[in-house]
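Asker: Sequence and computational prediction follow.
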Amino acid sequence: MATRFGFYMRPLTAVVAFSAALSPAHSNEAHRILSGMTDSSRRSAFATMLRNSGESCDSVKRTFFRGSDKNDYVYWSVTCSSGKSFQIQ
């Protein structure tokens, strides 16, 4: 499982980190990767991304795909075990 997670983490981190500055196609690539993960792997990936961005999130207890907007950007809701919530594009 660690190999699979490592495989997803590299492209996911790169895609999500720059998705706000890139076209909707890149945002959808991040969504495709996230959607293809197991729930456990997705929670771990979001926790890592949040910590790497300076946020305090020991672990993610819930992720939820919220949908997309008229520009095809996708949005995820993430709740950390501390109760802190994030909306991620």
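Answerer: Alright, I've got the coordinates.
Asker: for this protein, what are the low-confidence residue spans?
Answerer: The chain contains residues with pLDDT under 70 at 1-27.
Asker: hey, which strand is longest across it?
Answerer: Across the chain, the longest stretch assigned as strand under DSSP state E is strand 60-68.
Asker: now the following helix or strand past that one against strand 60-68, angle please.
Answerer: Scanning forward in sequence from strand 60-68 by DSSP states H and E, the next helix or strand is strand 74-80. Using axes from the mean of the first three to the mean of the last three Cα atoms, to 10 degrees, the direction of strand 74-80 lies 160 degrees away from that of strand 60-68.
Asker: which parts of strand 74-80 are buried?
Answerer: Val74, Trp76, Val78, Thr79, Cys80 (16 or more other Cβ atoms under 10 Å). All C-beta atoms are positioned from the backbone trio N, CA, C, and that covers glycine.
Asker: Just to check, Ser56 is in contact with Gly83?
Answerer: No: when contacts are counted by Cβ atoms under 8 Å, Ser56 is not listed as touching Gly83 (11.4 Å).
Asker: show me where the chain has helices.
Answerer: With DSSP state H, the ranges of helices along the chain come out as 2-18, 24-36, 39-52.
Asker: so what secondary structure elements neighbour the last one?
Answerer: What it means is helix 39-52. Where contact means 3 or more Cβ pairs under 8 Å, 6 or more residues apart in numbering; DSSP states H and E, helix 39-52 is packed against helix 2-18, strand 60-68, strand 74-80, strand 85-88.
Asker: Now Leu34: closest residue in space that isn't a chain neighbour?
Answerer: Excluding the flanking residues, the one nearest Leu34 by Cβ to Cβ, 6 or more residues apart in numbering is Arg42, at 5.6 Å.
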